[in-house]
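Chemist: give me coordinates for this.
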Amino acid sequence: MRLRPESKFAALGFPDRVSFAPVSLPLPERELPALAVAELEADVPAVHHAGRVAARVGRYGAIIVGCALTAVTTCIIGFSTSLLLTAVLMAAFGWSLFLTFPALLTLVGSVAKTKNRTAAFSLNANVQIIGNASFTFAAGFMSDAWGIHTPFFLLGAVSLVVAIYVIALSKRFSKRGAEPAPAGPIEIVS
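Modeler: Numbering: from 1, shown residues only. Have a look, this model is predicted:
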């Protein structure tokens, strides 16, 4: 069975959430939401600048940068015992996610045939939802078995593999002349 190009890109949406914080931080449980807020605070500026970044480095480049930053930040979060460092890393992690998502969606839309776009976008969303749920579920078991840091290292490793996969895809599509047109800056119409 041969996969359509859009299905190859849909799989890239898997490693996209860290939905828990390292309990090794010396924090009362009521203060852990501050880490989620740090991630969310980075989301809005990232979405605003995603088009500009993609215009400079291309859609593939934006996905590669986003996945590489996810790999670095999650691996360092796994070691972190400082609230300030973890909050800064969660903000960088949030920025990387919202740099990746717009580039991924426009890339999926540009490689999918018009009649397949609805299915391609649905596949992308479903892979993300199932991946998030599966990873979060498995993270609990991994944490119990090998320590709270394990899920962060695994997410970093998966993100690095995805970045390498995107590099290979970008070379493959550029050789076939199927490179999507570069993304332009996002324009907000009010």
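
Chemist: every contact and neighbour count from this point should use C-alpha atoms.
Modeler: Noted.

Chemist: so where does Leu85 fall, helix or strand?
Modeler: Taking DSSP states H and E as the criterion, Leu85 maps to helix 83-111.

Chemist: tell me what the helix or strand following that helix is packed against?
Modeler: Proceeding N to C from helix 83-111, the next assigned helix or strand is helix 117-146, under DSSP H and E. Helix 117-146 sits against helix 5-10, helix 83-111, helix 150-175, with contacts defined as 3 or more Cα pairs under 8 Å, 6 or more residues apart in numbering; DSSP states H and E.

Chemist: where does pLDDT dip in the chain?
Modeler: Across the chain, the ranges flagged by pLDDT under 70 are 1-44, 46-47, 175-190.

Chemist: contacts for stretch 61-81?
Modeler: 22, 24-26, 50, 53-54, 86, 89-90, 92-93, 96-97, 99-101, 103-104, 148-153, 155-160, 162-164, 166-167 (Cα atoms under 8 Å, 6 or more residues apart in numbering).

Chemist: select the longest helix from this protein.
Modeler: When the chain is parsed with DSSP state H, its longest helix is helix 33-79.

Chemist: what angle do that helix and helix 83-111 make?
Modeler: 90 degrees (axes from the mean of the first three to the mean of the last three Cα atoms, to 10 degrees).

Chemist: sorry, back to before: out of the helices and strands packed on helix 117-146, flag the one nearest Gly140.
Modeler: With Cα to Cα as the criterion, Gly140 lies closest to helix 150-175 of these, at 8.3 Å.

Chemist: which parts of the closest one are buried?
Modeler: For helix 150-175, the neighbour count (16 or more other Cα atoms under 10 Å) marks 150-163, 166, 169-170 as buried.
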